[in-house]
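Novice: A predicted structure for the sequence below; I have some questions about it.
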Amino acid sequence: MVKEGTIWGTYNDEKKFRVISVTEIDNHTWVYYRLDKCNPNITECQEWSCYIESFVQRFRQLPE
């Protein structure tokens, strides 16, 4: 389940992302997420958003 504060990872590499928020806009659920600062190689905070359907296809939830 996609919810605020959860950690998700890509299938291809070891990048980790933290969900900032999940918002309903015009009958679409948007997921706002950013690179997780737990990764020591990250120096800038990048943020993205997409529909929840796209998010769950691109990422898998990681244990916290």
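Specialist: The structure has been received and is ready for your questions. Numbers count the residues shown, from 1 in each chain.
Novice: Look through the protein and report the residue furthest from the middle.
Specialist: What lies farthest from the middle of the chain is residue 26; by Cα atoms, centre = their mean that is 20.6 Å.
Novice: all strands for this protein, in order.
Specialist: 7-10, 16-25, 28-35, 47-51, 59-61 (DSSP state E).
Novice: Given the shortest one, what are its sheet partners and their directions?
Specialist: For strand 59-61, the paired strands and their directions (DSSP bridges) are strand 7-10 (antiparallel).
Novice: what's the span of stretch 46-60 from first residue to last?
Specialist: This stretch, stretch 46-60, spans 19 Å end to end (Cα to Cα, to the nearest Å).
Novice: May I see the buried residues of it?
Specialist: Buried residues in stretch 46-60, counted by 16 or more other Cβ atoms under 10 Å: 55, 59. No exception for glycine: its C-beta is placed from N, CA and C like everyone else's.
Novice: which ones are touching residue 63?
Specialist: Contacts for residue 63 (Cβ atoms under 8 Å, 6 or more residues apart in numbering) come out as none.
Novice: quick one: it and residue 54, what's the gap?
Specialist: The gap separating residue 63 from residue 54 is 23 Å, by Cβ to Cβ, to the nearest Å.
Novice: With residue 24 instead?
Specialist: 16 Å.
Novice: Residue 46 now?
Specialist: 17 Å.
Novice: ditto for residue 47
Specialist: 15 Å.
Novice: pLDDT value on the residue farthest from the centre of the chain, please?
Specialist: Residue 26 carries a pLDDT value of 95.
Novice: same thing with residue 14?
Specialist: We note a pLDDT of 82 for residue 14 in this prediction.
Novice: Equivalent analysis for the one 3 residues further on, please.
Specialist: According to the model's per-residue confidence, residue 17 sits at a pLDDT of 94.
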